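[1] okay, predicted coordinates and the sequence, questions at the end:
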Amino acid sequence: MIELHNIDNMTFESDKKFDLIYADMIYENENLDWIDFYCKKLNKNSIFIIQTDWHTNYLVRYYMENYKTNWDCPVFINHLVQKNEWGNHPKNKFHQCYDDILVFTNGKDYKFYPERIQVDKVTKNKGLNPSEEKQNRQQHGLMIFV
């Protein structure tokens, strides 16, 4: 895994191609040039995950679905919402302490291993976990997106 932080991101150089990139973008930044930069670094049938918030969620999704990136036909897979325990609590509107996580692929043969994603015990037996057989296979590893 390669971990980059803000200023280093656009100067990153590597001939290596990746199967998954997780990008936690700077919120309220409408410059999406970095998307093209990183799309070039993905293998075919790879996954590109972009964490954003309500400021730019619509912009990122529109960009990925309607513009020709340097990626072969990005296809939308999922929209996840992550609730944060911190943030402002306005008195005149609903709480906005969540992030949007948009998941895209560049091929129909991408790999997804749901049995490697563990769900907190809070949700156990509420119809959200895989079958018991699959739960036993979860011991093979935990997929962590950092």
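    Everything's here; your move.
[2] domain ranges for this protein, per the record?
    What automatic domain parsing lists as the domains of the chain is 13-112, 113-146.
[3] need the ones you listed in TSV with mean pLDDT and mean neighbour count, can you?
    Any C-beta I mention is one placed from the backbone N, CA and C, and that applies to glycine too. Formatted as TSV, the domains of the chain follow (pLDDT from 0 to 100; neighbours: other C-beta atoms under 10 Å):
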stretch	mean pLDDT	mean neighbour count
domain 13-112	84	14
domain 113-146	54	11
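[4] and the next element down the chain from the longest strand seen in the chain?
    Longest strand in the chain by number of residues (criterion: DSSP state E): strand 42-52. Counting by DSSP states H and E, the next helix or strand C-terminal to strand 42-52 is helix 57-66.
[5] what's the angle from that next one to strand 42-52?
    160 degrees (axes from the mean of the first three to the mean of the last three C-alpha atoms, to 10 degrees).
[6] what packs against helix 57-66?
    helix 33-39, strand 42-52, strand 75-83, strand 98-105 (3 or more C-beta pairs under 8 Å, 6 or more residues apart in numbering; DSSP states H and E).
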